[in-house]
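Chemist: next comes the sequence, and after it the predicted model I'd like to discuss.
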Amino acid sequence: MMENEEIIRGSVESIIFQAPDSDFLIFRIRIDENDSNLTIMGKGLKPLVGERLEVKGCYVMHKRYGRQFSASFWQRILPDTEEGIIRFLSSRTVNGIGPALAQRIVDVFGKETIRIIEQEPQKLLQIEGIGNKKLAMLTESFYEEKKVNELALALETHGVSGRFAGRLLQVYGEEANYVLIHEPYRMVREVEGIGFKTADQIALAFGINPLSEERLAAGLIYVLYDMTQSGHVCVPDNELVHRSAAILRAEEVVLREILNNSIQTGQLITAYYGGVTYVYTEEAYTEEVEAARHIIEMTEMTPLQTTSHVALFLERWQQDCKFKLADEQIQAVEQSLETGIMVITGGPGTGKTTIIQTIIRLAEQEGLRIMLCAPTGRAAKRLTETTNREALTIHRLLGPGGYVGTKQIFDHNEANPLPADLVIVDEVSMLDLELMYHLMNALRPECRCILVGDADQLPSVGAGAVLHDIIRSEVVPVVRLQTVFRQKDGGRIVTNAHLINRGRLPVVDIGGEFQFLEITDEESGAVLISKLYAQEIKQTGDKFSVQVLSPMYRQECGVDHLNQLIQEQTNGAAPEKQEYKNGIIFFRVGDKVMQKKNDYDKGVFNGDIGEIYAIQQDMIHVRYPEQDVKYEGREVEEITLAYAVTVHKSQGSEYHTVIMALVNSHAIMLQRNLFYTAVTRAKRKVILVGTKKALRLAVENVRTSRRFTLLAQRLREEELC
Ligand SMILES: Nc1ncnc2c1ncn2[C@@H]1O[C@H](COP(=O)(O)OP(=O)(O)OP(=O)(O)O)[C@@H](O)[C@H]1O
């Protein structure tokens, strides 16, 4: 025990804060000695309200909250006073008992109550209000709680956080201990929230041999999954073995052997192409093979026998629009109902939306059932606005039908296809292989599909390079829209986007639509960006119309620091303002926040942006354009500040004004497709803040990291074995 440490005993009154990603807790206890309340903070197993604890630590002064107790350790002691037992029994931990019943039990058994519940539960039947059913509930929840505590203690004594105990018991019940010791890597597949790293930590703590086959086989699959996180669908075997050896600290020859075993047992699958063996997970392999099969079948569909005379239709349509369609636009409309699948690609302002509108009108005239969709909520929303018809995210269109293991399944699939004759997908550059596979799976054999997007944008966040691969394969008809039509508002942005795409520096204008503000150091650059943000939202009167973009999270001009600065500048701390602290982020009412992952239950999706309109002790309320959503406890992890976001996260969104950091310390990320994507997010104004060197790099660097995929080869039906 440290010098000034002391031990206090008391019962837990309430849990004030629980960190979502660590064991850090703040809670209040009533001290036995003097009956006063005290706030405890520290790391450890979450106690239960009503539970008695022995806490070791020392008193500290918190500048805002006053005297508190900083704990180094606490342990549970069963309540020993009648009052404590009543509180414990009527806490939420023990099912089916309210304060009145708890009082009646304690009136009869006094301080013996806990022993009776554990050892002679039948005696409880004499209490009024306890029948067999209630007794079973009571003893079961008491027993469950005890098991959770015991398992948590076992984990803790092995240096692993006890917070996994509840989940492990939920999945494995009585077998939890067995799994921990003998088959820990099952947890990766079977327990939500436990990935390889945690399972590995547990396995090693519980004494698994680091070179055991079980560990290395699980590790190999983990490394493969991890590599797919950077966009690869498959990985060359040598690279996989090499990387796994480094991560798992094992020899390459051993891993090679384990890889061969995993291939033989069908856990992993390979394809040989161009002298290289590529390794796939089973799912990725199925997705690539099946997506290719569907696409090939669609290219073989016979042209639709249209009842409308397309040329006549186009003539009338052009009269209505009061402009003449360009040749490639006409070609796109003509081909749309001839082929089973086609791609329409073009940069900003080249008329993609116009062509979607035209095709919809023609298809409607033909009596076709049309469905519109896009990979993200924002893209779907824009498609709805520009077409005046319902457009959904692909997820929504397919109907999320839960999970099998960690894989999502959908209501619409080969057995239950979408009731559509034509599906139009917009912003298809963001479509990853997994979603493409599910979409193709859900189309009736007679259904046609039109993929619309800008092939020069950043590729999808998820694995694959679907749009590129389809275009590269040359088996699907592709119409490239090249004429730029948008001239008026935002015209400079459009022409600059096309310049950037051709590797030329954009034309900048002081105070105009496309500005470049040169900085000398990044610290003052970040301050300038935060001031510009404040100034621009004042002008537009809408904080959602102005977006700061940065290529990275880190560094002075990275998303994290910019968010902090902009928040200070526009929504700083104030005594009357409610705050919610999550890790190092303080959320305040009025903050602009972003949802970080798809949450189907709440109906909010990765990249959705909203505003905090209320904060309660353990809850944040966010207003999104479509609905209000509340985040409680751990759920707060799903949101982050969104004054600044990465360019990747901005894909599919459009803003009135984009302010972009373009600085030397982000050199590694500065690539043409990233810069092009950032610039094309803006409709009216772009303000670049950075250096000429970074600007040049962003335009000139076309070295995009290669993604391993064999979709194009499969579409060309090349030999793969
Ligand atoms: N053939 C044409 N002649 C004249 N104007 C056209 C023609 N085609 C489209 N336009 C107009 O050009 C503008 C840009 O077209 P549209 O919005 O369809 O392009 P887009 O490729 O969808 O652009 P973005 O990707 O930036 O949204 C619109 O105002 C549209 O009405």
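Modeler: Sure, I can see it. None of these values were measured; they are calculated from a predicted model.
Chemist: buried residues in the longest helix along the chain, which are they?
Modeler: Longest helix in the chain by number of residues (criterion: DSSP state H): helix 132-157. Neighbour counts over helix 132-157 (16 or more other C-beta atoms under 10 Å) mark 134-135, 138-139, 141-142, 144-145, 147-149, 151-152, 154-156 as buried. Placement of C-beta: from N, CA and C, glycine included.
Chemist: just checking the distance from it to the centre of its chain.
Modeler: Here the centre of helix 132-157 is set off from its chain's centre by 34 Å, with C-alpha atoms, centre = their mean, to the nearest Å.
Chemist: packing partners of that helix?
Modeler: Judged by 3 or more C-beta pairs under 8 Å, 6 or more residues apart in numbering; DSSP states H and E, helix 132-157 is in contact with helix 113-119, helix 165-172, helix 176-182.
Chemist: helix 165-172 and that helix, what's the angle between them?
Modeler: Put simply, helix 132-157 runs at 120 degrees to helix 165-172, going by axes from the mean of the first three to the mean of the last three C-alpha atoms, to 10 degrees.
Chemist: tally of neighbours for residue 214?
Modeler: 16 (other C-beta atoms under 10 Å).
Chemist: give me the nearest residue to it, chain neighbours excluded.
Modeler: residue 185 (5.8 Å; C-beta to C-beta, 6 or more residues apart in numbering).
Chemist: the one you found contacts residue 199, doesn't it?
Modeler: Yes. Using C-beta atoms under 8 Å, residue 185 makes contact with residue 199 at a distance of 5.4 Å.
Chemist: rewinding a little: tabulate the helices and strands packed on helix 132-157 (a markdown table), appending distance to residue 458.
Modeler: What follows is the helices and strands packed on helix 132-157, written out as a markdown table (distance: least, C-beta to C-beta, whole Å):
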| stretch | distance to residue 458 |
| --- | --- |
| helix 113-119 | 60 |
| helix 165-172 | 36 |
| helix 176-182 | 41 |
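Chemist: relative to the ligand, which of those helices is closest?
Modeler: helix 165-172 (44.7 Å; C-beta to the nearest ligand atom).
Chemist: elements contacting that closest one?
Modeler: helix 132-157, helix 176-182.
Chemist: now do the longest one, average pLDDT.
Modeler: The predicted model gives helix 132-157 an average pLDDT of 80.
Chemist: burial count for the spatially closest residue to residue 248 that is not a sequence neighbour?
Modeler: In space, and not counting its chain neighbours, residue 248 is closest to residue 219: 4.3 Å by C-beta to C-beta, 6+ apart. Residue 219 has 23 neighbouring residues, counting by other C-beta under 10 Å.
Chemist: which stretches of the stretch 201-350 of the chain form helices?
Modeler: For the stretch 201-350 of the chain, the helices defined by DSSP state H, counting those that start in this stretch cover 213-228, 237-248, 252-264, 282-299, 310-321, 327-336.
Chemist: ok, which of those comes nearest the ligand?
Modeler: Ranking the helices of the stretch 201-350 of the chain by proximity to the ligand (C-beta to the nearest ligand atom) places helix 327-336 first, at 5.7 Å.
Chemist: pull out the buried residues from the closest one.
Modeler: Buried, per 16+ other C-beta under 10 Å, within helix 327-336: 328-333, 335-336.
Chemist: the closest residue to residue 163 other than its chain neighbours: neighbour count?
Modeler: Spatial nearest neighbour of residue 163, excluding adjacent residues (C-beta to C-beta, 6+ apart): residue 23 at 6.3 Å. Neighbourhood size, residue 23 [other C-beta under 10 Å]: 15.
Chemist: how much space is there between residue 23 and the ligand?
Modeler: 48 Å (C-beta to the nearest ligand atom, to the nearest Å).
Chemist: my guess is that residue contacts residue 164, does it?
Modeler: No. Between residue 23 and residue 164 no contact is recorded; they are 10.9 Å apart, counting by C-beta under 8 Å.
Chemist: backbone dihedrals for the residue lying closest to residue 613 once chain neighbours are set aside, both of them.
Modeler: In space, and not counting its chain neighbours, residue 613 is closest to residue 623: 4.8 Å by C-beta to C-beta, 6+ apart. Main-chain torsions, residue 623, degrees, to the nearest 10: phi -100, psi 110.
Chemist: go on, the one 5 residues further on?
Modeler: Main-chain torsions, residue 628, degrees, to the nearest 10: phi -100, psi 140.
Chemist: can you pull the contacts of it?
Modeler: 613, 621-622 (C-beta atoms under 8 Å, 6 or more residues apart in numbering).
Chemist: among those, which ones are buried?
Modeler: Here, 16+ other C-beta under 10 Å leaves 621-622 buried among the contacts of residue 628.
Chemist: dump the helices of the stretch 201-350 of the chain to CSV, plus mean pLDDT and distance to the ligand.
Modeler: Formatted as CSV, those follow (pLDDT from 0 to 100; distance: least, C-beta to the nearest ligand atom, whole Å):
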stretch, mean pLDDT, distance to the ligand
helix 213-228, 91, 29
helix 237-248, 95, 37
helix 252-264, 95, 44
helix 282-299, 96, 24
helix 310-321, 90, 7
helix 327-336, 94, 6
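Chemist: extract the CA atoms of stretch 576-584 and return them as PDB.
Modeler: Extracted in PDB, the C-alpha atoms of stretch 576-584 (Å, rounded to 0.1, in the frame of the first residue of the first chain):
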ATOM      1  CA  GLU A 576     -24.300  27.100 -18.100                       C
ATOM      2  CA  LYS A 577     -23.500  24.700 -20.900                       C
ATOM      3  CA  GLN A 578     -24.000  21.000 -20.300                       C
ATOM      4  CA  GLU A 579     -21.000  18.800 -21.200                       C
ATOM      5  CA  TYR A 580     -20.500  15.100 -21.700                       C
ATOM      6  CA  LYS A 581     -16.900  13.900 -21.600                       C
ATOM      7  CA  ASN A 582     -16.000  10.800 -23.600                       C
ATOM      8  CA  GLY A 583     -12.200  10.100 -23.500                       C
ATOM      9  CA  ILE A 584     -10.600  13.300 -24.500                       C
END
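Chemist: avg pLDDT for that stretch?
Modeler: Stretch 576-584 comes out at a mean pLDDT of 83.
Chemist: hmm, the residue nearest to residue 248 is touching residue 246, no?
Modeler: No. With contact defined as C-beta under 8 Å, residue 219 does not reach residue 246; the gap is 10.9 Å.
Chemist: ok, back up a step: looking at the contacts of residue 628, which are in strands?
Modeler: The members of the contacts of residue 628 that map onto strands under DSSP state E are 613, 621-622.
Chemist: about what we covered before: how many other residues sit next to the residue nearest to residue 214?
Modeler: By other C-beta under 10 Å, 23 other residues sit near residue 185.
Chemist: can you pull the contacts of it?
Modeler: 196, 199-200, 203, 214-215, 217-218.
Chemist: what's the separation between it and residue 194?
Modeler: Distance, residue 185 to residue 194, using C-beta to C-beta, to the nearest Å: 10 Å.
Chemist: and the spatially most central residue of the chain, its phi and psi?
Modeler: Of all residues in the chain, the one closest to the mean position by C-alpha atoms, centre = their mean is residue 597, 2.8 Å from it. Main-chain torsions, residue 597, degrees, to the nearest 10: phi -150, psi 160.
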